[in-house]
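Chemist: The sequence and its predicted three-dimensional model are supplied below.
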Amino acid sequence: MKRSPLDGSEHTNWIYLFPGLLLYAAFVFGPIVAALALSLTSWDGLTVPKWVGLGNYIDLFSDDRFYIALRNNAELMIFYCVLPLGLGIGLAACVWNLKQREQLALRTFLFLPYIMPTAVLGIIWAWLYNPAFGPFNQFLRAVGLGMFALPWLGDFNFVLPAVGIVATWYFFGFCMVIFLTGIQRIDPSLFDAAKVDGASARKTFVWITLPLLMPEIRVVLLLTVIASIKSFDLIFTMTRGGPANATLVPNIYMYQLGFELNRFGAAAAIAIVGALLTFAINFAIHRLVGSKSKGMA
Amino acid sequence: MSRKSNIPAAPLFLRLVLWLLAFVTITPFLLLLLTSIKSKADVLQGAFALPAYPHFENYLDAWNAGHFNIYFWNSIIVVIPVVAASVFLGLLTGFAFAYLSFPLRRSLFAILTLGMMVPAEAFIIPLYYEMRYLGLINTYAAVIVPQIAMSIPFSTIFLASAMQQLPEEILEAAVLDGAGRFYILRKIVVPLMMPAMSTLALFLFIWTWNEFLIPFILVNDDAYRTLPLGMLFFQGRYTVNTPVLTAGAVIVIAPLILTYLVFQRRFIAGLTAGATK
């Protein structure tokens, strides 16, 4: 690397680096390393931690509830990642054609959920879904679909999609905005050329827009996959993992084991598995959705 | 923009669908607002019925009985130092990563990005015990200090990449004029970085305002709870009193909506700049 004109001697450079890194090491990196160590122990939060090696991990992988949590998380990815991605691309392709002012207005509305605290959204949606006086069921009854007015968050079969739809609602406008800027980045002469060649709107989308949006698709996938693995606030405020584990995800399970049952070693092991899962998926997305590959959605 | 000329007019049907979708998307917020000005009797008339007259006293109830006066000030007491310190430290660390050489540069950068990928959920247990050991549980510091630390990776990377785009000639000229580095940072880099810094501050404001896990775990005294937390405990007490509950939710999200509407262009520009980098 070329030296910048601002570069100085090594020990004076540390003045700039030190305060931020110190704080980061003390309250983020240190605790991450500690969580790794803690996951190799059995600890109730009071007595001295007992070294159990990989015991917690072995227990975890023979624990039915952990598999339920993982499977629920995988199903939630449809709502966190696939639906917002698909909706976002489709909407971006439509909204892009509109006049600047209309585009801005639609973008403003669709993006709104994304800036809200997910914990509060969970509380709001728990009210919307309320079986007796929630607006959602009232709407269904009003339009003559009363037989579909279910106790959404209490129904073992429908609770996961019900929670998932909130995540889709939260993310799809965000995805659309990222895809919109992606489309605006594409060289307009490509679209002109396609038009001259007589390509239909659909063909232009599939063969030009989609392949050139790969960097944005990758970013959206990364962010939504990470969000799905760390999903805690929304589920905690809506269902706390219930009914009967139907919305149990690893982070909720971690909370239960750690802060409710005082099994901190086992809880840390779940946290570490979650972090490793994030890395693995991150890595896979970088490999699979390179800028050259195409035809993802 | 040049591409405007060759865009086919969007069919009316498509635009109708798009606007319907936008309307459905904001419906939860509209219902929230509507319900927050109803009486308890109005609620029984149906979620979509209008109240006879607006019951603004729900907001007073939420504010006073729901302790929102405490939560609101706590949120402000927490957000201001987190945003200020994060931008300041991000400026220093970003300056180092943008311009300076030091050993283990790549490893340190990797360790920083690790903090961006590992969710707080993964290290909240050791953090809790660290805070307890330091005697900081149930203090403002318990909520403020970890959030500053957690924002350092993003602040550093965001500001470092913005600084790398500054024209080097200006910095070179300043060095030739004999200006010291602190002086250059303060008088040349910071003014040029104002747009990036304000975008960063906006993001940090929203993330900090919305943070749930950190105050949830590290604070269990009502006196230090921030708005999202207050809302959770409020929900426990007021499940039957929907109008006051929704008024509480409106109090939490109103500052966000205001900030978003005022700064929305800057916000979206920053989002996409950060996302595609």
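Modeler: Yep, it's here.
Chemist: So stretch B:139-156, near chain A or not?
Modeler: Yes - for stretch B:139-156, a contact with chain A is found by C-beta under 8 Å from any C-beta of the partner chain, at B:145-146, B:148-150, B:152-153, B:156. Every C-beta, even on glycine, is put in place using the N, C-alpha and C of the backbone.
Chemist: export the residues you listed to CSV and tack on pLDDT, secondary structure and neighbour count?
Modeler: Formatted as CSV, these follow (pLDDT from 0 to 100; DSSP: H, G, I helix; E, B strand; the rest coil; neighbours: other C-beta atoms under 10 Å in any protein chain shown):
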residue, pLDDT, secondary structure, neighbour count
B:145, 97, helix, 22
B:146, 97, helix, 29
B:148, 97, helix, 24
B:149, 97, helix, 25
B:150, 96, helix, 27
B:152, 96, helix, 28
B:153, 95, helix, 24
B:156, 95, helix, 30
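Chemist: Quickly name whichever of those is closest to chain A.
Modeler: residue B:149 (3.6 Å; C-beta to the nearest C-beta).
Chemist: Report the central residue of the chain.
Modeler: You didn't say which chain, so I picked chain A. residue A:227 (2.0 Å; C-alpha atoms, centre = their mean).
Chemist: actually it's chain B I care about, not the one you picked
Modeler: Closest to where the C-alpha atoms of chain B average out (C-alpha atoms, centre = their mean) is residue B:206, at 1.4 Å.
Chemist: distance of it from residue A:144?
Modeler: 40 Å (C-beta to C-beta, to the nearest Å).
Chemist: Below-threshold pLDDT in the stretch 101-250 of chain B: ranges please.
Modeler: For the stretch 101-250 of chain B, applying pLDDT under 70 flags the ranges B:238-240.
Chemist: coming back round to it: setting aside sequence neighbours, what's the nearest residue to the residue nearest to the centre of chain B?
Modeler: Distances taken as C-beta to C-beta, 6 or more residues apart in numbering or on different chains put residue A:115 closest to residue B:206, at 5.5 Å, once the chain neighbours are dropped.
Chemist: okay but the one you found is in contact with residue B:203, surely?
Modeler: No - here residue A:115 lies out of contact with residue B:203, judged by C-beta atoms under 8 Å, at a distance of 9.8 Å.
Chemist: I'd like the distance from stretch A:56-63 to the chain centre, please.
Modeler: In this view, stretch A:56-63 has its centroid 25 Å away from the chain centroid, taken as C-alpha atoms, centre = their mean, to the nearest Å.
Chemist: close to chain B, is it?
Modeler: No - Stretch A:56-63 does not reach chain B (C-beta under 8 Å from any C-beta); its nearest approach is 12.5 Å.
Chemist: Mind listing what's buried along that stretch?
Modeler: A:56-57, A:59-60 (16 or more other C-beta atoms under 10 Å in any protein chain shown).
Chemist: quick one: which two of those are the most distant?
Modeler: The span of the buried residues of stretch A:56-63, defined through C-beta to C-beta, is set by A:57 and A:59 at 7.3 Å.
Chemist: can you list residues touching both of these two?
Modeler: Shared contacts of residue A:57 and residue A:59 (C-beta atoms under 8 Å, 6 or more residues apart in numbering or on different chains): residue A:269.
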